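S.K.: Just need the structure, nothing else, for what follows:
(2 chains)
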Amino acid sequence: GDSVTQMEGPVTLSEEAFLTINCTYTATGYPSLFWYVQYPGEGLQLLLKATKADDKGSNKGFEATYRKETTSFHLEKGSVQVSDSAVYFCALSSTGNQFYFGTGTSLTVIP
Amino acid sequence: EPEVTQTPSHQVTQMGQEVILRCVPISNHLYFYWYRQILGQKVEFLVSFYNNKISEKSEIFDDQFSVERPDGSNFTLKIRSTKLEDSAMYFCASSGQGGTYEQYFGPGTRLTVT
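M.R.: You can find the predicted model right below:
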């Protein structure tokens, strides 16, 4: 069945460091891929998405490229800020209706 | 910006009791969902709801669970006779379109069953 495997956390980085959070997936068909972010006390917010192979989703300095050959959708940011501290969730949707999520990766950015 | 809201933010109940978790989806959305996340585990799909009926449900969503859209704005999840293992964060989501389109999530209700 469909599933997402996400890099374990927590991750602690210094401000301006480079961020990578790994995400790989298993899916039948051609899924859409998403990164959601959850700030403390808030809901899951869509960060970026990609709907087909080789698409790059980007938002707020974050990027992720849909790699069909490696079944991956790694999240990257060149220079993190303290305000990026949150939990990041990778997710996929392939057959409609339900999303499949990873376990979430907690990121803490220290000044 | 429109958002999904959920109440309460935290619910504590005793084993065997019934609970109702409430959600107000984004007003022009037509597709509604419930997910849950047991501490340290993945966010898991429970059920999707469209056109006043369940369109898909997971194995987790057994007879203990039910959903309802009692009026034009609320979407509820009822858990009858709660068990310890129902303790989790429950997320409501809504979408303007079904399929693989993005879903908009609420902040969650933390349910603790004692």
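
S.K.: So which bits of chain B are right by chain A?
M.R.: For chain B, the contact set with chain A under C-beta under 8 Å from any C-beta of the partner chain comprises B:3-4, B:6, B:31, B:33, B:35, B:37, B:40-45, B:48, B:55-56, B:58, B:91, B:93, B:98-108. Heads up, the C-betas are built off the backbone N, CA and C, glycines and all.

S.K.: Please indicate which of those are buried?
M.R.: B:4, B:6, B:31, B:33, B:35, B:37, B:42-45, B:48, B:55-56, B:58, B:91, B:93, B:98, B:100, B:102-108 (16 or more other C-beta atoms under 10 Å in any protein chain shown).

S.K.: Which of those residues fall within helices?
M.R.: Nothing among these maps onto helices, per DSSP state H.

S.K.: Show me what the lowest-mean-pLDDT helix or strand in chain B is packed against.
M.R.: Within chain B, confidence by mean pLDDT, DSSP states H and E is lowest for strand B:104-105 among all helices and strands, at a mean of 90. In this structure, strand B:104-105 packs against strand A:44-50, strand B:88-95, with contacts taken as 3 or more C-beta pairs under 8 Å, 6 or more residues apart in numbering or on different chains; DSSP states H and E.

S.K.: deepest of these, which one?
M.R.: When you average the neighbours per residue for each of the helices and strands packed on strand B:104-105 (mean count of other C-beta atoms under 10 Å in any protein chain shown), strand B:88-95 leads with a mean of 23.

S.K.: what sits against the closest residue in space to residue A:46 that isn't next to it in sequence?
M.R.: What sits nearest to residue A:46 in space, not counting adjacent residues and going by C-beta to C-beta, 6 or more residues apart in numbering or on different chains, is residue B:102, at 4.9 Å. Taking C-beta atoms under 8 Å, 6 or more residues apart in numbering or on different chains as the criterion, residue B:102 is in contact with A:34, A:46, A:49, B:95.
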